[in-house]
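*Asks:* Got a predicted structure plus its sequence, pasted below:
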There are 2 protein chains.
Amino acid sequence: MQTDQIDGLTRLFVIIGDPIHGVRTPTVFNEMFGRKGINAVMVAHHLAAADIETGWAGLKTIRNLDGIVITMPHKTPMSGLVDSLGINGRVAGAINAARRNSDGTWEGDMFDGVGCVDGLKRQGHELAGRSVFLMGIGGAGSAIAGALAQAGVKRLVVQDIDAPRLERVVERIRSAYPELSVGPGTIGDGPFDVVVNATPQGMREGDPLPFDPSPLPASTLVVDVIIKPEVTPLLTLAQKTGHPTQLGRHMHRGQAIAVAKFFGFDLESCAGQSGARP
Amino acid sequence: MQTDQIDGLTRLFVIIGDPIHGVRTPTVFNEMFGRKGINAVMVAHHLAAADIETGWAGLKTIRNLDGIVITMPHKTPMSGLVDSLGINGRVAGAINAARRNSDGTWEGDMFDGVGCVDGLKRQGHELAGRSVFLMGIGGAGSAIAGALAQAGVKRLVVQDIDAPRLERVVERIRSAYPELSVGPGTIGDGPFDVVVNATPQGMREGDPLPFDPSPLPASTLVVDVIIKPEVTPLLTLAQKTGHPTQLGRHMHRGQAIAVAKFFGFDLESCAGQSGARP
């Protein structure tokens, strides 16, 4: 829709972050609102880390605000500021979306990992019952760990240079998914059906590999969360040695779809929706 | 512009109020931003009276927010929450717009009365040196009183059923414009070049007239701030007795033009602008 159709009945969605200049999420959601004929708009708020408590208290007073999308550096602090957390938010200790429920409370959850897992499913990779190695348990890694657990993997081995952080996330996964075999380890503790890099290693030229995929069986799926470069040295090597791979960009469309669903919208259908809350 | 062109570089403007469903200001501003090719958007925030302090503290944390438009019931409280006040905001004790200056401080001012006065000027009525009677010194009335003083009227007689409020506004005008003859009185204290109704009397059928224009000299301009009905019983009678009149709607376009100018935009030109702040 045209911005001059925005009026006093327009429902609001906001994405917060610092920096914010590169966000693409408003385009994705506003294109959907326009296509479906929904009187709603998403705008980007440039909000500094130090301002999150005051900023969030203010956002909550906007009665026509229905949901927010959360980017760096607010994902972890916001998990402590909403009224309730979904299971992936609890496991990750961070959220990337929050919605106003019909009772007026704000519920947050984390869809960064769901995007990765949905990307794998869309490409035909089954995760239930599989064994997975995950390198890196920071923001992206802990979100992916939670989504893998939710998707029903049987065994999850995680590695991180920050031992206390690793232990914290493993504990949260264990208490949320007591039936899952999860613990610290290395890529040598295989066999694994899927191996995932969730570290930044591979973003800059000359970075060491997060791990060496060469010794893995050819059927092992190699996944990287890095978006730029699209094909990291890890994926190049994995492709050379005959492994199936998933690129970072595949998880991003999945994230947007999952967040839209959380807000009450089907990002991919054409029909109009009410955006009804649970 | 299309809402799906909103991105992380889009500058924000917000209108706050309760109720907010009927506002037309976003349409006026967004139409201008689109016409000029400015990457900016105005959205409406439904904000209750009790939430103004928390809401405003939050709004100030949005680093890409450049200005806000203020409607009922926030005009008076907001005059105490900004960092500095323009002269019309000081006189009215209320503001309808605030902007972020280049030093990061927020400056508020009142343009409701400026709109009325600019409407008169656009219709060719000179105000400098004139004698004016103003009935009603509430929100609209005190704003008009300030704008009349700023426009250089020589004598201003005001009447209101709330004597303490009347005295407060008269005092504020006197201290801002010591050279102006201003004081309480009635329409009998003429002669007046202009008489203004700034009370709600005339909105509902059967309302008594705010004052009787019949005995006034035919040259006296009769002004009403009421928008609905467009032609009030006061204006009908004034037209019957041969007086020139100004309708309420004439002040509204003037308000939007004045607020846009305060924000750094020329609402009526076609050329693009930077929206540079002082």
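*Replies:* Looks like it came in fine.

*Asks:* Check which helix or strand whichever residue of the stretch 51-200 of chain A sits closest to chain B maps to.
*Replies:* Residue nearest to chain B within the stretch 51-200 of chain A: residue A:58 (0.9 Å; C-beta to the nearest C-beta). For the C-beta atoms, the positions are set from N, CA and C on the backbone; glycine is no exception. Using DSSP states H and E, residue A:58 falls within helix A:52-60.

*Asks:* That helix packs against which elements?
*Replies:* strand A:11-17, helix A:75-79, helix B:52-60 (3 or more C-beta pairs under 8 Å, 6 or more residues apart in numbering or on different chains; DSSP states H and E).

*Asks:* if we can go back for a sec, for the residue of the stretch 51-200 of chain A closest to chain B, what are its contacts?
*Replies:* Neighbouring residues of residue A:58 by C-beta atoms under 8 Å, 6 or more residues apart in numbering or on different chains: B:54-59, B:61.

*Asks:* if we can go back for a sec, who are the packing partners of the next helix or strand after the helix holding residue A:58?
*Replies:* Note on helix A:52-60: by DSSP H and E, the next helix or strand toward the C-terminus is strand A:65-70. The contact analysis (3+ C-beta pairs under 8 Å, 6+ apart) places strand A:65-70 against strand A:11-17, strand A:97-100, helix A:249-263.

*Asks:* Tell me the pLDDT of the residue nearest the centre of chain A.
*Replies:* When C-alpha atoms, centre = their mean is applied to chain A, the residue found nearest the centroid is residue A:112 (0.2 Å). With respect to pLDDT, residue A:112 has a value of 90.

*Asks:* Next: residue A:160.
*Replies:* The model's pLDDT for residue A:160 equals 96.

*Asks:* And for it, the neighbour number?
*Replies:* Per other C-beta atoms under 10 Å in any protein chain shown, the neighbour tally for residue A:160 reads 21.

*Asks:* That one contacts residue A:138, doesn't it?
*Replies:* Yes - with contact defined as C-beta atoms under 8 Å, residue A:160 and residue A:138 form a contacting pair (7.4 Å).

*Asks:* For beta bridges, what are the partners of residue A:2?
*Replies:* residue B:2 (DSSP bridges).

*Asks:* And it, how far from residue B:59?
*Replies:* Distance, residue A:2 to residue B:59, using C-beta to C-beta, to the nearest Å: 25 Å.

*Asks:* ditto for residue A:240
*Replies:* Counting by C-beta to C-beta - residue A:240 and residue B:59 are separated by 53 Å.

*Asks:* what are the ranges of the helices in chain A?
*Replies:* A:25-36, A:52-60, A:75-79, A:87-92, A:112-122, A:139-150, A:163-176, A:233-240, A:249-263 (DSSP state H).

*Asks:* in chain A, which segments are predicted with low confidence?
*Replies:* For chain A, the stretches flagged by pLDDT under 70 are A:270-278.

*Asks:* Got the domain ranges for chain A?
*Replies:* Following automatic domain parsing, chain A resolves into domains at A:3-110+A:252-263, A:113-247.

*Asks:* Report the contact partners of residue A:219.
*Replies:* When contacts are taken as C-beta under 8 Å, 6+ apart, residue A:219 is in contact with A:193, A:243-244.

*Asks:* With distance to residue A:134 and neighbour count added, can I get these in a markdown table?
*Replies:* As requested, the contacts of residue A:219 are exported to a markdown table (distance: C-beta to C-beta, whole Å; neighbours: other C-beta atoms under 10 Å in any protein chain shown):
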| residue | distance to residue A:134 | neighbour count |
| --- | --- | --- |
| A:193 | 12 | 20 |
| A:243 | 16 | 19 |
| A:244 | 17 | 16 |
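
*Asks:* among those, which are in strands?
*Replies:* Among the contacts of residue A:219, no member falls in strands (DSSP state E).

*Asks:* need the contact list for the residue nearest to residue A:63 when sequence neighbours are not counted.
*Replies:* The shortest distance from residue A:63 to any non-neighbouring residue, by C-beta to C-beta, 6 or more residues apart in numbering or on different chains, is to residue B:46 (4.0 Å). Residue B:46 is in contact with A:8, A:62-64, B:17-21, counting by C-beta under 8 Å, 6+ apart.

*Asks:* swap the cut-off to 7 Å and go again
*Replies:* A:62-64, B:18, B:20 (C-beta atoms under 7 Å, 6 or more residues apart in numbering or on different chains).

*Asks:* of all those, which comes closest to residue A:174?
*Replies:* Lowest distance from residue A:174 to the contacts of residue B:46 (C-beta to C-beta) belongs to residue A:62, with 38.4 Å.

*Asks:* Flag every residue of chain A that's near chain B.
*Replies:* A:1-4, A:6-10, A:12, A:20-23, A:26-27, A:30-31, A:33-34, A:41, A:43-48, A:51, A:54-55, A:57-59, A:61-64 (C-beta under 7 Å from any C-beta of the partner chain).

*Asks:* picking that back up, in terms of packing, which of residue A:2 and residue B:59 has more residues around it?
*Replies:* residue B:59 (24 against 13).

*Asks:* for the helices of chain A, which one sits closest to residue B:92?
*Replies:* For residue B:92, the closest of the helices of chain A is helix A:52-60, at 25.3 Å, according to C-beta to C-beta.

*Asks:* sorry, back to before: give the buried subset of the residues of chain A next to chain B as a ChimeraX selection command.
*Replies:* Only the buried entries of the residues of chain A next to chain B go into this ChimeraX selection, using 16 or more other C-beta atoms under 10 Å in any protein chain shown:
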select /A:1,3,4,6,7,8,10,12,20,23,26,27,30,33,34,41,43,44,45,46,47,51,54,55,57,58,59,61,62,63,64
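
*Asks:* With just CA atoms, put stretch A:87-105 into CSV.
*Replies:* The C-alpha trace of stretch A:87-105 is given here as CSV (Å, rounded to 0.1, in the frame of the first residue of the first chain):
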residue,chain,number,x,y,z
ILE,A,87,10.4,-22.7,24.6
ASN,A,88,13.0,-21.6,21.9
GLY,A,89,13.4,-18.2,23.7
ARG,A,90,13.9,-20.0,27.0
VAL,A,91,16.6,-22.3,25.6
ALA,A,92,18.4,-19.6,23.7
GLY,A,93,18.1,-17.1,26.5
ALA,A,94,17.3,-14.6,23.7
ILE,A,95,14.4,-13.6,21.5
ASN,A,96,14.0,-12.1,18.0
ALA,A,97,10.3,-11.4,18.1
ALA,A,98,7.6,-10.5,20.6
ARG,A,99,3.8,-10.1,20.2
ARG,A,100,1.0,-8.6,22.2
ASN,A,101,-1.4,-11.4,23.1
SER,A,102,-5.1,-10.8,23.4
ASP,A,103,-4.9,-10.6,27.2
GLY,A,104,-2.5,-7.7,26.7
THR,A,105,0.7,-9.5,27.8
